[in-house]
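[1] Here is the input, now give the coordinates:
(2 chains)
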2 protein chains.
Amino acid sequence: MTSSSFEPPRRVLMGPGPSAVHQRVLDAMARPTIGHLDPAFSDMMEDLKGLLRAAFKTENVLTFPVSAPGSAGMEACFVNLVEPGDTVVVCVNGVFGTRMVENVKRCGGTPVVVADEWGAPVDLDKVADTLKANPGVKALAFVHAETSTGVCSDAAALCRLATDHGALSIVDTVTSLGGIPVEVDAWGADAVYSGTQKCLSCPPGLSPVTFSKRAAEVVETRQTTVRSWFLDVSLLLGYWKGEGARVYHHTAPVNALYGLHEALIMLHEEGLEAAWARHVRAHQALVAGLEVMGLQMLVDKAHRLPQLNAVRVSDGIDEAAVRTRLLAGHNLEIGAGLGTLAGKVWRIGLMGQGADLGYVQIFLMALERTLSDLGVRVPDGAEDAAHVAWGEAAG
Amino acid sequence: MTSSSFEPPRRVLMGPGPSAVHQRVLDAMARPTIGHLDPAFSDMMEDLKGLLRAAFKTENVLTFPVSAPGSAGMEACFVNLVEPGDTVVVCVNGVFGTRMVENVKRCGGTPVVVADEWGAPVDLDKVADTLKANPGVKALAFVHAETSTGVCSDAAALCRLATDHGALSIVDTVTSLGGIPVEVDAWGADAVYSGTQKCLSCPPGLSPVTFSKRAAEVVETRQTTVRSWFLDVSLLLGYWKGEGARVYHHTAPVNALYGLHEALIMLHEEGLEAAWARHVRAHQALVAGLEVMGLQMLVDKAHRLPQLNAVRVSDGIDEAAVRTRLLAGHNLEIGAGLGTLAGKVWRIGLMGQGADLGYVQIFLMALERTLSDLGVRVPDGAEDAAHVAWGEAAG
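    Numbers count the residues shown, from 1 in each chain, chains lettered A, B, ... in the order given. I've put the predicted structure just below:
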């Protein structure tokens, strides 16, 4: 074996995550490791929890980062709230909805699926009808920002439907947190999870979660033991609650938490509203450029996520060849379609630090050249359109 | 809220983990994030898997790091192998054995406990009797290096007992990997998990695991679905197997994996045997110094772990005050006793980069001064004894 230190290539990260990570966050992660029970670390954790509450717009006491990527945050929500025999209505309009279904099953629950087309938002009427038809539902689960399609669903309305029917709401905000409004308390959401590697612009590896008081009570009054020891919120609380001495549960990922702390400070410095506006500007610039090039978005204008742009691959274009050439020739990563959209769309992320006119321009230039190299006729002027769109959105 | 960037204090980490992290590993973690499906990242992952196999001394194909701390590695082993109705013999001689019992229960299995005194190794005769008395046992689970007591159990003999009785072996090597011989193939171990923050001297956050062919077959022929989606090995394999295109499961913790890769390269450069010998030298130096100071080890000489030293707190010493003063006055972290040993022992880690005469000397000097400040009479000369012991062990 001839191993040598890994020197990653410099990439422009414009896929569905991980997104570009600021040097401040990388530097924070490289600071000396200290103990996970060190008083100095505890102080940082308290501050981190406050920053997370601000990002989620919640007062929930039970707000902390799960020590693993977003999929573990999803599992933490389901495994703590769903018991064998429970019925959960799951909205499926993309890959991450199907994962929720899997989670319900593995908790011993029964999923009732409300299916919508991939690329469309969750249909509120169908959800209302399904909740009405299934009295006693334990929870309604949905994805706020579907990373596989780039569609945004109406989280406020869905949480209200859940509450109206006496069900908890479980909300995936992996791709939305920091990029578009996430208003946990205003929505009345009960269990919400996110990820670090999207609009928070942190390396992947942690999953911020927040549980409402109602959700916490449901966990406390469970009839059965939580199926996961690692993700059991009642045990995790001993470490994260921040009152009195911390009880050791598992060894927290110290350096990754330094990074998340720094990323949240950067978001706080910019301000949530400013960050959201920046994502909108970048999105409008991208769409303006793509339209000049004759490309079309998958999602209707009204339901598009600014941070995740699914673009239809026009007939006759080899979508994989485009991605391969963008990476090899321009060090630029974009995402492929997932599931039923495989081969049909590209996914272009404008997340966190990547929600920037510079990124949009680099991408449009690289795409133009790549398509042209592949013999596709492309009209000129995409970058100019992007620039105008950025200015208009700012103005 | 007045958040500011976190500047951790510089600590000498001599607790039960995290251990000292080399600058090379910190630097690696701060390199630019790239995509988890990037071909360059895939190459690094293949190299990392090879390095992990070398560290575990195994040819197991199914060897990879779980994207979460050691507790998740433990859960990955149990949740994939144990089905509802299975009986698992669990050896409990410390905290981590009790966690294994919890894991068996949460998988729907029935634990049969073989209990030994905390500080004693697992009793082979008792295990043999228990396996004999419980035909059809699915697995035997034990902790190789009990972090809560500093005792080493005979992993080779225990794995043999499992095999002889047609049971799988599940082995916790969180604290042993890289510090003392871990010989997965020679032992015939079936499912083995570890952590990064002990003798690999990496920040916490990942859990290397390895599954034998026999264990992989058991996973493949399960009757029921694995209760965890995040830790389902059959799904994880799609991403980690390294043949053909990688299938997205979850977003791997890219930068943490850079760090583990670098730490494994450092271990490879030094050589496993050299690293083990260095841990023994540091341990002997520490014990020599402690003995001069009149302090006693919890564990019999024959069963002591060099990397985790449980030291009895002599009568009349306020153990918590000692730890607090070591941290506040000397920036030196040691561990408290856990569970039944709370208040009765200190736990002194000499793990990875911390298995070093310099660390031992700093600790002995700081302990001497701290005890003296607290009015405890301490004989002089501990550091000299340590120096002599280090030299003898080297010679």
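[2] What values do phi and psi take at A:S169?
    Backbone torsions of A:S169, given as degrees, to the nearest 10, read phi -110, psi 130.
[3] can you give me the strands for chain A?
    A:12-13, A:62-66, A:87-92, A:110-115, A:139-143, A:145-146, A:151-152, A:168-172, A:191-193, A:207-211, A:308-312, A:332-333, A:335-336, A:345-349 (DSSP state E).
[4] contacting residues for the closest residue to A:G178 other than its chain neighbours?
    In space, and not counting its chain neighbours, A:G178 is closest to A:C199: 3.6 Å by C-beta to C-beta, 6 or more residues apart in numbering or on different chains. Using the backbone N, CA and C atoms, a C-beta is placed for each residue, glycine as well. When contacts are counted by C-beta atoms under 8 Å, 6 or more residues apart in numbering or on different chains, A:C199 touches A:19, A:175-180, A:275, A:279, A:307, A:351-352, A:355.
[5] Now mean pLDDT, mean neighbour count and distance to chain B too, for the strands of chain A, in TSV please.
    Listed next are the strands of chain A as TSV, based on pLDDT from 0 to 100; neighbours: other C-beta atoms under 10 Å in any protein chain shown; distance: least, C-beta to the nearest C-beta, whole Å:
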stretch	mean pLDDT	mean neighbour count	distance to chain B
strand A:12-13	98	24	6
strand A:62-66	96	25	9
strand A:87-92	98	24	13
strand A:110-115	98	18	13
strand A:139-143	98	29	14
strand A:145-146	98	32	15
strand A:151-152	98	26	19
strand A:168-172	98	27	13
strand A:191-193	98	29	12
strand A:207-211	98	29	10
strand A:308-312	98	25	14
strand A:332-333	98	22	5
strand A:335-336	96	21	9
strand A:345-349	98	26	10
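[6] closest to A:Y239 out of these?
    strand A:62-66 (8.7 Å; C-beta to C-beta).
[7] Show me which residues of stretch A:284-294 are buried.
    Neighbour counts over stretch A:284-294 (16 or more other C-beta atoms under 10 Å in any protein chain shown) mark A:284-290, A:292-293 as buried.
[8] now, which of these lie within helices?
    A:284-290, A:292 (DSSP state H).
[9] residue boundaries of the helices in the stretch 251-395 of chain A?
    A:254-270, A:272-292, A:319-330, A:357-373, A:382-394 (DSSP state H, counting those that start in this stretch).
[10] Of the ones you listed, flag the one that's most buried.
    Each of those was scored by mean neighbour count; the highest is helix A:254-270, a mean of 24, by mean count of other C-beta atoms under 10 Å in any protein chain shown.
[11] Which other helices and strands does that helix contact?
    helix A:23-29, helix A:39-56, helix B:254-270 (3 or more C-beta pairs under 8 Å, 6 or more residues apart in numbering or on different chains; DSSP states H and E).
[12] Pull out the buried residues from stretch A:240-257.
    A:240, A:246, A:248-257.
[13] quick revisit: go through the contacts of A:C199 and say which is closest to chain B.
    A:S19 (8.2 Å; C-beta to the nearest C-beta).
[14] Quick check: that closest one vs B:P181, distance?
    42 Å (C-beta to C-beta, to the nearest Å).
[15] higher neighbour count, those two?
    Neighbours of A:S19 and B:P181, each counted by other C-beta atoms under 10 Å in any protein chain shown, are more numerous for A:S19; the result is 31 against 16.
[16] Name the nearest residue to that one, sequence neighbours excluded.
    A:M351 (3.8 Å).
[17] OK, contacts around that neighbour?
    Here A:M351 is in contact with A:17, A:19-20, A:175, A:179, A:198-199, A:201, A:279, A:307-308 (C-beta under 8 Å, 6+ apart).
[18] Rebuild those as TSV, extending it with distance to A:G343.
    Putting the contacts of A:M351 into TSV (distance: C-beta to C-beta, whole Å) gives the following:
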residue	distance to A:G343
A:G17	20
A:S19	24
A:A20	26
A:T175	22
A:G179	26
A:K198	24
A:C199	27
A:S201	29
A:H279	27
A:Q307	23
A:L308	18
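[19] what does the stretch 201-350 of chain A put close to chain B?
    Counting by C-beta under 8 Å from any C-beta of the partner chain, the positions of the stretch 201-350 of chain A adjacent to chain B are A:203-205, A:225-230, A:248-256, A:258-259, A:261-262, A:264-265, A:268, A:327, A:333, A:338.
[20] Can you pull the poorly scored residue ranges out of the stretch 201-350 of chain A?
    Filtered on pLDDT under 70, the stretch 201-350 of chain A yields the residue ranges A:242-245.
[21] Now with 90, please.
    Scanning the stretch 201-350 of chain A for pLDDT under 90 picks out A:236-249, A:339.
[22] Got the phi and psi for the residue nearest to A:S19?
    Residue torsions, per degrees, to the nearest 10, at A:M351 are phi -120, psi 140.
[23] Quick check: the gap between it and A:G335.
    11 Å.
[24] now swap in A:F6 and tell me
    Counting by C-beta to C-beta - A:F6 and A:G335 are separated by 23 Å.
[25] ditto for A:T251
    Taking C-beta to C-beta, one finds A:T251 at 33 Å from A:G335.
[26] now A:T221
    41 Å.
[27] likewise A:T147?
    For A:T147, the distance to A:G335 - C-beta to C-beta - is 9 Å.
[28] picking that back up, could you export the helices and strands packed on helix A:254-270 as a markdown table, including distance to B:A189?
    What follows is these, written out as a markdown table (distance: least, C-beta to C-beta, whole Å):
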| stretch | distance to B:A189 |
| --- | --- |
| helix A:23-29 | 33 |
| helix A:39-56 | 34 |
| helix B:254-270 | 19 |
